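Fold the stuff below for me.
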Amino acid sequence: MKRWMSGCVAAGTCLGAAVSVADAAEKPFNFLVILLDDAGWRDLGFAGNSFIETPNMDCLAAQGMRFSTAYSAHPFSAPSRQSLMTGQWPARTAWMQRSEMKSPDAPRIVSPFSPYGAPAWTQRRPEFTSIAEALKSKGYATGHIGKWHFEVGEITPESEGFDVNFGGSTHVGAVKNFFAPYEGLPGNVTAPPGEYLTDRLTDETIKFIRQNKDRPFYVQLWHYAPHTPIMAPEAVASKYRKKRQQMGDYSLNPTYAAMIDVVDQGVGRIRQELESLGLSDNTVILLTSDNGAQATLGSVPITSVAPLRGEKEYMNEGGVREPMVVFWPGHTRTGSSSDQPVSLIDFYPTILDIAGAALPTNQLVDGLSLVPLLTSGDQTALRERALFWYEMKSSAMENGSLILPGAAVRKGSWKMIKFFGRPLELYNLDADPSELKNLAEQEPERAKTFEALIDGWLTGTGIAQPQPNPAYNPDYVIPRQIEKSEMPANTKEVRSWTFDSGIGMWRVGRMIKTEVKNGALQMHADGVYPEIVTTDVAGLSSGSYVVQMDLRVATSGRIRFSWKGSDGKPGIVEFFPQRDGEWHTYTAVFQSDLPLAELRLAGPTHLRETGHYDPATQPDYIEVRKIELMTFNPVK
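Residues are numbered from 1 along each chain as shown. Predicted coordinates for the structure are as follows:
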């Protein structure tokens, strides 16, 4: 696909748009909000990424104001999106469902805190004026293109004032396939086979702009990229495979880079369309991401948030720091930047301020207008305010560690994270952006002040605070892959299956072809979830188990071992194998609360999701030599 811009010069737009606004002064400003999904703070060129090429977004940053200390409203997607629409903290919107706070693989008993014991704050739906509704009162056409993901059934783009909705659904947080025919994309979208979703969303945005070129418009392009599955056009991905080879850094993910590259191409196409329609001088463009990047998919690297700590899901800087640009023709100074902490919640009041629309009287707006900063550099109000985050999720990670509920605040250069049940954490981000040196004990008065800020904010927003979980069992075995050093000492073998003469007591499940070669079972993927199954579990009661497998893996992706108890409900543990083509022994622990009824082994479920699978050079099978099942008594 041809790029519109190269080196930030094309059609005079990048160098001239910030000053050629004489005619635009009489017109209402249009608004384009571009939201990436899971893009990290260093994933774009203007933010310092030397691998991923984003000349069009770099151009936008060169024209407008770039924010080097910008934040999402939450380390997860849906709450941040709610904040963008209302200008409120996610804690105040209180829309997250209880289903967000648990995982099928992490029963309540694994966490010392239970959000289920808290007041039913998730059941209320506060009345609010969305940004679309506020702008419609000023005569704006409104369009939503892409991911919505609000997690509450009655809150849809249509219900919140959008004239057009393409690709947005309450419960769809990710698509299953970025290429048509699409899987998981709402709206029964028809598309030619092989069409790439990111390109289609750009097309729909351009279509909306053309249809509304004669009236003021607000359109938000909320991409599904670069969220998993990591999939991109081969022509673009191959460019980055070559570049990775030249750079010699194999932690770089070429397919992830290609996903962002295509987003960038779309930014160029949209700006070209605005230029051709004579709208570039009165269209404000705001760009950011919804939360921090997902750094890895199992053992496979996706991107890096270094030197920051944490990633998506965490309140550390890596989970909430974002790239951000605001371009306001005729007002933002070319090449300007700010290190003042700002937030995605500031988009709402900023847009209404520029549009001349009053803030709603029926809701408290937590965000602050960036107009004083954009126009004169005035940071007074921003400098005085504090930024807050919360995460009431209480669950177990794949490595067995816990995500505990907590809240965080940043004011000035200082940040506190308060996890319930843990000591306070206090960091000076100017001196320690990686959040490695906890100063809470060295700065007791400051720690006391910041804890009071958090406690006051929690009380003021009305968010439910976590309660002790009466079902918590510290001895419960969290399903997870373990290292050799973690192997329980008191194991007893109860089953051992080998495959030197055939599949034996196992059978073909679905989406798989098998053959035995050289004493091993080859599992050839024939679909998304290739698996083999056994019911050779007679006499295996409830309790704690170790599963150990000899595998040789040359593909990327996760391998899943699952079990069903006598009630038919499954449990899953995931393995993240080395993909070096050598034999390795992999071990995991799990617990079944009922007698076992069935076991399954699924081959890589993300052969093409991680961006490291090349069908031209890598086989699409794994080899299994032995599977052992052992019981043990957990001792903690």
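
measure K312 to Y71 for me?
Distance of K312 to Y71, given as C-beta to C-beta, to the nearest Å: 13 Å. To be clear about C-beta, it is placed using only N, CA and C from the backbone, and glycine gets the same treatment.

More neighbours: which of those two?
Y71 (26 against 21; other C-beta atoms under 10 Å).

and W222, what does it touch?
V33, L35, D37, R81, H144, I145, G146, K147, W148, G168 (C-beta atoms under 8 Å, 6 or more residues apart in numbering).

and the fifth one, how many neighbours does it have?
A count of nearby residues for H144, using other C-beta under 10 Å, gives 28.

Let's verify it: helix, strand, or coil?
Here H144 is recorded as strand under DSSP: H, G, I helix; E, B strand; the rest coil.

begin at 129 from here
That works, and once the first residue is 129, the last one we named lands at H272.

Now it. Nearest residue, chain neighbours left out?
P285 (4.0 Å; C-beta to C-beta, 6 or more residues apart in numbering).

how close does that neighbour sit to V347?
11 Å.

any shared contact partners between the two?
Joint contacts of P285 and V347 (C-beta under 8 Å, 6+ apart) are H272.

Highest neighbour count among the contacts of W350?
Top of the contacts of W350 by neighbour count (other C-beta under 10 Å): R209, with 30 neighbours.

can I assume that residue sits in a helix?
Yes. According to three-state DSSP, R209 belongs to a helix.

quick one: contacts for it?
Counting by C-beta under 8 Å, 6+ apart, R209 has contacts L163, K275, W276, H277, F278, W350, D418.

Find the pair from those residues with maximum spatial separation.
L163 and F278 (13.4 Å; C-beta to C-beta).

give me phi/psi at the residue nearest to Q593 when sequence neighbours are not counted?
Leaving aside its chain neighbours, Q593 sits nearest to L586 (6.1 Å; criterion: C-beta to C-beta, 6+ apart). Phi and psi for L586, reported as degrees, to the nearest 10, are phi -60, psi -40.

What score does L586 have for pLDDT?
On pLDDT, L586 comes in at 91.

pretty sure it contacts W517?
No. Between L586 and W517 there is no contact under C-beta atoms under 8 Å: 11.4 Å.

Looking at the two, which is more packed in?
With neighbours defined as other C-beta under 10 Å, L586 and W517 compare such that W517 has more, 28 against 17.

Which element, helix or strand, includes the more buried one?
strand 515-519 (DSSP states H and E).

which helices and strands does that strand pack with?
helix 218-221, strand 534-539, helix 572-589 (3 or more C-beta pairs under 8 Å, 6 or more residues apart in numbering; DSSP states H and E).

Following the chain onward from the last one, which element is next?
The reference is to helix 572-589. strand 595-596.

so is A365 in a helix, a strand, or just coil?
With three-state DSSP as the criterion, A365 reads helix.

From C187, how far out is the closest residue to it other than its chain neighbours?
Using C-beta to C-beta, 6+ apart and skipping the chain neighbours, the partner closest in space to A365 is A386 (4.2 Å). According to C-beta to C-beta, A386 stands 19 Å off from C187.

For the protein, which segments count as helices?
Listed in chain order, the helices of the chain (DSSP state H) span 141-144, 183-191, 205-214, 218-221, 259-264, 325-339, 362-375, 382-404, 445-448, 475-483, 499-504, 508-512, 572-589.

Could I get the average pLDDT for the second one?
Mean pLDDT, taken over the full extent of helix 183-191, equals 98.

Output the contacting helices and strands for that helix.
helix 141-144, helix 382-404, strand 411-417, strand 449-455.

how does it look with 10 Å?
Applying 3 or more C-beta pairs under 10 Å, 6 or more residues apart in numbering; DSSP states H and E, one finds that helix 183-191 contacts helix 141-144, strand 158-164, strand 193-199, helix 382-404, strand 411-417, strand 449-455, strand 464-466.

Serialize those to JSON lines and add fields for distance to M375.
Listed next are the helices and strands packed on helix 183-191 as JSON lines, based on distance: least, C-beta to C-beta, whole Å:
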{"stretch": "helix 141-144", "distance to M375": "27"}
{"stretch": "strand 158-164", "distance to M375": "23"}
{"stretch": "strand 193-199", "distance to M375": "24"}
{"stretch": "helix 382-404", "distance to M375": "11"}
{"stretch": "strand 411-417", "distance to M375": "24"}
{"stretch": "strand 449-455", "distance to M375": "21"}
{"stretch": "strand 464-466", "distance to M375": "27"}
